[in-house]
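Enquirer: Quick one, structure for this:
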Amino acid sequence: MKKIGLIFKEASETRIKNTLKSSDGVFIVKYSGVSSPDLCSLRLRLKTSRASLFVAKNSVARRALKDSGLEALLKNIDGPCGLVFVKDEPVAVSQALCNFTKDHEQLKLEGGSLNDKIIERKDIEFMAKLPAKEVLRAQVVGALNSPISGLVIALNQVLAKFVYCLDQIKQNKH
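Expert: Numbers count the residues shown, from 1 in each chain. Reported below is the predicted structural model:
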């Protein structure tokens, strides 16, 4: 019969692996010195961005990351670490993490993986400065729409001048 601790470690490792498979990425944070209520507050902030924070023993996290092909992240697993799993919106997650670190300096961003690409703390901080996905989409649509609108206005002006010219010819004949 297995010991309860071993069963818990295996369940945690399985959970990390399964969540990694269904996630777009993972960020690693060090939470040493952050109180439990503050971690709960962070979890709520992340939940609004469809992300989750999972804390596991370092040995369990290392095994799960290694088995998932993320060996490059093993250097970040040192001391009390948490894994932030990103589902859809990495920009919103990075904004939530960076905003939280402004109020809680004990939380440190270490790096992570996003769409199978290894990223560092500076990359997460850069993403936090980007506008939300909806704003970026609106900017792209506006940029695509601008030349078309300019063309329509220019063609309209050509037609208006042509009609004005015909009107002047008509008035000169009468």
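Enquirer: Check G82 and give its pLDDT.
Expert: Here, the pLDDT recorded for G82 equals 91.
Enquirer: Kindly report the same for H174.
Expert: Per-residue confidence at H174 stands at 69 (pLDDT).
Enquirer: got it, and D116?
Expert: For D116, the model assigns a pLDDT of 82.
Enquirer: how close does it sit to T48?
Expert: Distance, D116 to T48, using Cβ to Cβ, to the nearest Å: 25 Å. For glycine as for every other residue, the C-beta is placed from the backbone atoms N, C-alpha and C.
Enquirer: Ok, K66 next?
Expert: Counting by Cβ to Cβ, the gap from K66 to T48 is 31 Å.
Enquirer: the strands in the protein, which residues?
Expert: Counting by DSSP state E, the chain has these strands, from start to end: 25-30, 51-55, 81-86, 108-114, 117-120.
Enquirer: Dead centre of this protein: give me the residue that sits there.
Expert: Taking Cα atoms, centre = their mean, the centroid of the chain lies closest to P90, which sits 0.8 Å from it.
Enquirer: Chain neighbours aside, what residue packs nearest to it?
Expert: Excluding the flanking residues, the one nearest P90 by Cβ to Cβ, 6 or more residues apart in numbering is L114, at 5.6 Å.
Enquirer: which ones are touching that neighbour?
Expert: L114 makes contacts with 24-25, 86, 90, 123, as judged by Cβ atoms under 8 Å, 6 or more residues apart in numbering.
Enquirer: ok, so of these, who is nearest L159?
Expert: Distance to L159 across the contacts of L114 (Cβ to Cβ) is lowest for P90, with 47.5 Å.
Enquirer: where does L70 fall, phi/psi-wise?
Expert: Note on L70: backbone dihedrals following degrees, to the nearest 10 are phi -110, psi 50.
Enquirer: Relative to the whole chain's centre, how far out is the longest helix along the chain?
Expert: The residue-count maximum for a helix in the chain (DSSP state H) belongs to helix 133-173. Distance, stretch centre to chain centre, for helix 133-173: 39 Å (Cα atoms, centre = their mean, to the nearest Å).
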